[in-house]
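Undergrad: sequence and predicted structure below; questions after.
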Amino acid sequence: MNWSLDDVLVAIDGILMGRRHSDEILFSFIETDTRKLEPGSVFVAIKGERFDGHDFIMEAIKKGAGAIVYSRSDITDSIHTVPGVYFVYVEDTRKALADLARFRRRKFPGPMIGVTGSNGKTSTKEMIALVLGRKYRVFKTPANWNNDIGVSLSIFQMPDDVDAVVLELGINHFGEMDQLVDVVEPTVGVITNIQPAHLEGFDSLEGVLREKTKLWQKLPNDGVAVINLDDPLLAKYAAGLTKNRITFGRSVNADVHAEGLIDLSLDGMTFSVRFGEKVVPCNLRAFGEHYVMNALCAVAVGLQLGVSLDDAVEALRAWTLVEHRMQKMELSDGTIIFDDCYNANPGSMTRAIETVAFLAEKHKRPLVLVLGDMKELGRDSESLHRKIGKIAASKNPHMVVTAGREAKAIFEEFQKGCATLSYHFDAGDGGKIDHSMIAQWLQKNWIAGAIFLFKASRAMEFEKVIDRIMQWKPR
């Protein structure tokens, strides 16, 4: 989309400073990062946790920015006279970015799918995009741009010729879902599940539910809520929901459900999907029943938007795992690593442990768990980590390694219930762990042919341990 100066001024209710107005000026891009800025862009100077975009205004001008949106009062009048650049003052540039995104979103007439939940947002978003691709030209959130800035930047990247949009909505404190939904204005609302995640911002599971379900509350009258009928909190909440709906789950009461047994192997999963009287077999290159739920959700969205059951299931056969989310890696000595390093909360940690434990038992392989801190769990952090320790002990692994200050509770609880070889790496100054030391310890105690699970919150950067292992134990 090309933006006129009038578009920008109307969208953000900004004040044009220092130059006369011109109706002929057009801008091609909205950008907040000077490293990515293209000539002719509108640069919005956002103040973040580490950087203040106002400090990069001159760099943006040198790179060819056509307009600057700013809010800092100490920007001198002299800068407003830079030839060929328009300056627009607002009180809050972060709000201005959201206002611009809302302006762009309202130019799009097609279905807008918003995806949130405690676990599985990115995988579900990717699956929905694949399914809808059988009928529509689809745009989806790049990578995991799911906070207020990322969602706005995603909307700016929407091509003019797409028919359907799938956006991931991530939140970690109260009020954030209101902001995102007010920008995205979804017509279809997906909530994958409600789990104890980001409890520092929400205080309780009920707080998570209250904030996430604002996605459904704010749907338009003709909008559709996509409901996980297996999630007790969501199912109970949805019973009083007056919106249009379609349900999914393992339950036979769900509109779209998995029928019969789910066969999990080292090659992936096979199961059958039922909708009405029709049943279609599905092969999914993924590991864990939670991916079946994500797939059922994607099918439900597709059916609601006119994709046939056959086409939806066929699309899912092409799905591949998202990076660092239960990615399977086979090493030269027959060892299998499951890289689930992207993030962790008690729900996803439990499912990952149960999945690899099942596979290890089924294929008669030793099981090794490498587990780290689960962040942002607030006052319940220690007890939730201890629960993971008990779950780990119940699986009788051959070896357990933990790392991080909070993960020490996993280690301590595990040792109470299991005498297996185990070791804990505490965090040093600044809460950082030594990835090299963990890799060296694993190398010294390596169990060839085992099934390894690496899982922790994003801040732990566990993939760096895997990278070091791969230097001496190639695929």
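TA: Alright, I've got the coordinates. Numbering: from 1, shown residues only.

Undergrad: rest of the way, CA atoms for contacts and neighbours
TA: Will do.

Undergrad: ok, which stretches of the stretch 301-450 of the chain are strands?
TA: Secondary structure of the stretch 301-450 of the chain (DSSP state E, counting those that start in this stretch): strands at 327-330, 336-340, 367-372, 399-403, 421-425.

Undergrad: count of neighbours near the closest residue to residue 5 other than its chain neighbours?
TA: Nearest residue to residue 5, sequence neighbours excluded (C-alpha to C-alpha, 6 or more residues apart in numbering): residue 25, at 6.1 Å. Residue crowding around residue 25 was assessed by other C-alpha atoms under 10 Å; the count is 16.

Undergrad: cool, the one 3 residues further on as well?
TA: Residue 28 is surrounded by 16 other residues when neighbours are defined as other C-alpha under 10 Å.

Undergrad: show me the contacts for the closest residue to it other than its chain neighbours.
TA: Take residue 28 and drop its neighbours on the chain: the residue closest to it by C-alpha to C-alpha, 6+ apart is residue 2, 4.7 Å away. Neighbour list for residue 2: 26-29 [criterion: C-alpha atoms under 8 Å, 6 or more residues apart in numbering].

Undergrad: can you give me the distance of the closest residue to residue 352 other than its chain neighbours to residue 231?
TA: The shortest distance from residue 352 to any non-neighbouring residue, by C-alpha to C-alpha, 6+ apart, is to residue 288 (7.1 Å). For residue 288, the distance to residue 231 (C-alpha to C-alpha, to the nearest Å) stands at 16 Å.

Undergrad: again with residue 160
TA: Counting by C-alpha to C-alpha, the separation of residue 160 from residue 231 is 37 Å.

Undergrad: now residue 274
TA: 19 Å.

Undergrad: neighbour count: these two, which is higher?
TA: With other C-alpha under 10 Å as the criterion, residue 274 and residue 231 differ in neighbour count, and residue 274 comes out ahead with 20 against 15.

Undergrad: show me what whatever helix or strand the more buried one lives in pairs with in its sheet, parallel or antiparallel.
TA: Using DSSP states H and E, residue 274 maps to strand 268-275. Here strand 268-275 has these sheet partners by DSSP bridges: strand 256-265 (antiparallel), strand 278-284 (antiparallel).

Undergrad: now the residue nearest to residue 352: how far from residue 348?
TA: From residue 288 to residue 348 the distance is 10 Å (C-alpha to C-alpha).

Undergrad: cool, residue 407 as well?
TA: Separation of residue 407 from residue 348 (C-alpha to C-alpha): 15 Å.

Undergrad: same check on residue 122?
TA: Residue 122 is 13 Å from residue 348, where distance means C-alpha to C-alpha.

Undergrad: so for the two, which residue has more residues nearby?
TA: Using other C-alpha under 10 Å as the criterion, residue 122 and residue 348 rank with residue 122 on top: 25 against 21.

Undergrad: picking up where we left off before, in strands, which of the contacts of residue 2 fall?
TA: Among the contacts of residue 2, the members found in strands (DSSP state E) are 26-27, 29.

Undergrad: from those residues, which shows the smallest pLDDT?
TA: The lowest pLDDT within the ones in strands among the contacts of residue 2 belongs to residue 26, with 87.

Undergrad: need the contact list for the residue positioned nearest the centre of the chain.
TA: Closest residue to the average C-alpha location of the chain: residue 122 at 4.2 Å, with C-alpha atoms, centre = their mean. Listed by C-alpha under 8 Å, 6+ apart, the contact partners of residue 122 are 144, 168, 322.

Undergrad: what is the burial count for the last one?
TA: Just to be clear, that refers to residue 322. 15.
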